[in-house]
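**Q** With the sequence up front, the predicted model follows.
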Amino acid sequence: MKYETVESDITVIGGGLAGVCAAVSAARLGKTVFLIQNRPVLGGNSSSEVRVWVSGANAVGTQRYARETGIMGEMLVENQYRNPEGNPYYWDLIVYETVYNEPNITLHLNTDVHEVEATGENDNRVIQSVTGWMMGSERKITYKSEVFLDCTGDGLVGFLAGAEFKLGREARHEYDEEWAPEEADNITLGSTILFYTKDIGTPVKYVAPAFARDITQTLIPEKRIIRTGDSGCYYWWIEWGGEMDTVHQNEAIRDELWAAIYGIWDYIKNSGKFDADNLVLEWVGSVPGKREYRRFVGDYMLNQNDIISQRPFDDRIAFGGWSIDLHPPKGMYTGENASKHLFPDGLYHIPFRSLYSRNVSNMFMAGRNISATHVAFGTTRVMATCAVMGEAAGVGAALCVEKQLTPRELYENHFKSVQQTLLKQDASIIGARNEDERDQAKLAKISASSTYQKIAINTPAELYSLKNDVGILFPVDQKLTSIELLVDATIKTEAIIEVWDTGRGENYIPRTLQNERKVTIPKGEKQWITVNIPWTPNEEQNAFIVIKENEQLALWKSKQPLSGVLTFEKGDIAIVDPNLSQQPEQLVVQWSMKNLTRQPFCFRVNDPIGTYLPDKVINGYHRPFGSPHMWMSEPNGQEEWIELTWDKPIQMDEIHLTFNDDVNEYLINLHFLKTEFDIMPELVANYRIEMNLDGQWQTLDSIKSNRKRKCVHHFETFTTDKIRVVIEETNGSKHAELIEVRVY
């Protein structure tokens with residue numbers, strides 16, 4: 001056996017998406033990082049070993065403008081381009097390459113950390129080192145660092161270090177959580193194994209193994225959806241072990257999940273109820289995908305009330321949007337629904353204080369082991385949300401090393417630097433603004449070749465019958481006087497139109513009625529009708545126009561989307577829990593745009609707007625929040641530019657550009673959904689950066705075939721009083737769109 005001791009600034013244990021993003025974010029801030037993973041691949045439950053799709057705040061399209069940015073966003077957008085078919089092995093490569101590209105990271109795969117040296121009293125522990133065994137290499141390695149990150153999911157490192165933790169469900173009275181049980185218990189969410197099938201074109205038999213479960217003797221055929229051709233994540237409900245210890249009884253849980261899978265396949269192949277002759281099992285997982293185990297106690301315990309109220313923590317460092325998603329303890333063998341879901345009205349916020357241990361002074365945690373109650377964990381546990389918390393924890397760790405502080409000291413004395421560093425990295429924070437005093441772009445005067453100043457969607461493509469209430473959302477910066485709608489009417493009739501606000505900048509639902517009008521519409525086709533519906537908001541925000549159901553009317557849809565405009569249709573109240581006599585309203589579920597994504601209704605706003613003015617690129621926001629917060633050009637079909645001018649020449653060597661990649665578009669890493677394009681049409685494809693020297697424009701950099709949202713350009717130091725970004729071509733949009741410019 002070979003014994004080794006290695007040192008770095010930071011050690012990250014756990015190579016799931018939380019650990020990957022933590023390691024990458026710390027490494028990009030110049031810190032040396034060991035990333036240790038006990039499996040042969042990175043990605044955790046999203047890897048080819050387990051194959052769970054990466055869900056996050058967008059909640060399969062339920063939440064709006066919710067896709068994660070930062071490192072998680074980079075991987076999703078890159079995967080969309082390179083792996084549109086959702087090959088799980090290609091996703092492994094995307095994650096691996098993200099780590100490989102960082103020279104400050106040393107990656108140790110197949111390394112199981114099971115020893116921790118920690119000192120100090122119970123209320124103030126300090127991790128000195130962790131030790132792992134590298135399988136297949138006969139190497140026992142001790143890792144010494146200033147800061148450690150437990151991204152293991154199960155929380156073994158923190159447990160061995162003596163960190164306070166929770167396991168199971170808290171009692172309702174502890175945090176006044178409506179969804180918590182009356183008494184605390186050890187129930188957790190169970191584990192899952194998935195399977196893939198393949199049609200080989202000829203009949204193939206299947207003989208079930210002796211251990212296969214006869215599912216006809218269970219409630220599975222009656223209570224679960226089984227369809228020919230479904231595989232992978234469609235079978236997320238193959239879950240078991242919630243009443244067991246999901247770590248110490250992991251092998252028994254795996255055996256039961258295998259028994260269920262081979263029994264389900266026997267039912268599909270041999271019951272005669274399915275057209276499955278040509279289907280064969282292509283892959284069955286061997287590693288149970290765990291949902292829950294230890295949750296560490298930080299300086300703040302995130303709870304159900306924080307999620308539902310969307311509490312805007314001052315120390316917010318990430319957001320989520322998945323529902324509070326809890327499953328029955330008996331998993332697939334229960335007669336209950338497989339899950340119950342409770343959504344906030346929009347995105348919720350996650351505080352920095354939930355990412356570090358209360359009693360281990362140099363330990364961060366990220367992923368499904370953060371400081372959250374069991375109920376709140378029901379939403380924070382999804383992988384893209386774990387990933388953005390990982391990025392924040394990595395930034396926190398890097399700043400702790402740089403400033404020689406504990407995580408608590410960093411929060412108490414320097415939290416602004418955490419949030420501002422994350423914003424500079426384009427991380428997933430809502431409603432916080434760039435306050436970086438080093439950013440010289442904020443001192444510039446901004447001009448542009450053109451600006452889009454009147455919302456108009458004029459090109460009809462398909463008729464939409466008004467069988468339900470529908471909604472149109474768009475930004476209003478000063479006042480709304482009237483709108484026009486393109487309609488068909490089978491008879492003379494009345495339309496009822498309302499204007500609502502959305503209540504919060506991160507929400508996209510009708511919250512408070514502001515005005516209402518009835519309009520008489522004559523019989524006819526493709527009529528532009530004017531609706532005078534004045535509203536003067538007290539600040540720039542989105543208007544939510546509701547057009548009430550009327551089966552004598554039809555609206556025209558377009559196939560030309562416009563950034564900042566969303567279209568909705570209203571459905572029934574979603575059943576949260578069949579046992580509840582009165583279901584929560586859940587407006588974010590009722591008002592859905594899943595069938596209308598990128599298909600806005602034809603309408604025109606008769607008031608000029610300042611939503612897309614050039615100075616939006618320095619207003620501090622890097623993603624939608626009550627408004628798109630971007631510059632957008634007129635659709636002129638020619639080169640467009642945005643120019644920054646200073647009163648006197650300044651020195652610079654670094655320019656940051658954030659382009660629009662439509663964070664409303666739902667992206668997925670596996671087979672669950674195929675996106676119709678490989679690159680976001682709104683993304684700028686070809687552009688150049690120019691500086692003004694003695695009245696002449698000189699090219700500093702020229703980029704072709706861009707597919708990234710955040711682009712950072714480094715130069716030898718130069719001096720000028722003017723720069724401009726020239727947009728030569730987009731990836732499909734008729735508008736040039738730019739969210740943020742920073743200059744250093």
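**A** That came through, no problem. Residues are numbered from 1 along each chain as shown.
**Q** which non-adjacent residue is nearest Leu160?
**A** Using C-beta to C-beta, 6 or more residues apart in numbering and skipping the chain neighbours, the partner closest in space to Leu160 is Val116 (3.8 Å). All C-beta spots, glycine's among them, are computed from the backbone N, C-alpha and C.
**Q** by contact count, what packs against the helix or strand where that neighbour lies?
**A** Per DSSP states H and E: Val116 is located in strand 111-119. Taking 3 or more C-beta pairs under 8 Å, 6 or more residues apart in numbering; DSSP states H and E as contact, the helices and strands that strand 111-119 lies on are strand 126-134, helix 156-161.
**Q** So this protein: which segments form each domain?
**A** Domain assignment for the chain, taken from automatic domain parsing, gives 2-169+295-424, 191-284, 440-450+612-743, 456-605.
**Q** Could you dump the ones you listed into JSON lines with distance to Asn434 and mean pLDDT added?
**A** Converted to JSON lines, these look like this (distance: least, C-beta to C-beta, whole Å; pLDDT from 0 to 100):
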{"stretch": "domain 2-169+295-424", "distance to Asn434": "6", "mean pLDDT": "97"}
{"stretch": "domain 191-284", "distance to Asn434": "37", "mean pLDDT": "96"}
{"stretch": "domain 440-450+612-743", "distance to Asn434": "4", "mean pLDDT": "96"}
{"stretch": "domain 456-605", "distance to Asn434": "16", "mean pLDDT": "96"}
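**Q** Give me whichever of those domains is most buried.
**A** domain 2-169+295-424 (a mean of 22; mean count of other C-beta atoms under 10 Å).
**Q** That one: end-to-end distance?
**A** 42 Å (C-alpha to C-alpha, to the nearest Å).
**Q** and what of stretch 161-174?
**A** Start-to-end, stretch 161-174 (C-alpha to C-alpha) is 26 Å.
**Q** what does it rub up against?
**A** 116, 118, 122, 125, 127, 148, 150, 155, 158-159, 177-178, 180-188, 293-297, 357-360, 363, 369, 373-375 (C-beta atoms under 8 Å, 6 or more residues apart in numbering).
**Q** what's near enough to touch Cys400?
**A** With C-beta under 8 Å, 6+ apart, Cys400 has these contacts: 146-147, 362, 406-407, 410.
**Q** do that again at 6 Å, thanks
**A** 147, 407, 410 (C-beta atoms under 6 Å, 6 or more residues apart in numbering).
**Q** Before we go further, it is sitting in a helix, right?
**A** Yes. Assessed with DSSP: H, G, I helix; E, B strand; the rest coil, Cys400 lies in a helix.
**Q** Distance of it relative to Ser417?
**A** Per C-beta to C-beta, to the nearest Å, Cys400 is found 11 Å from Ser417.
**Q** got the contact list for Ala372?
**A** 295, 302, 380.
**Q** cool, and Glu682?
**A** Glu682 sits in contact with 660, 662, 733, 737, where contact means C-beta under 6 Å, 6+ apart.
**Q** Output those residues as TSV; include the columns distance to Ile215.
**A** Listed next are the contacts of Glu682 as TSV, based on distance: C-beta to C-beta, whole Å:
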residue	distance to Ile215
Asn660	48
Asp662	42
Ser733	49
Glu737	51
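**Q** Would you mind checking which of these is nearest to Ile472?
**A** Asp662 (17.6 Å; C-beta to C-beta).
**Q** Three-state assignment for Ala260, please.
**A** Relying on three-state DSSP, one would call Ala260 helix.
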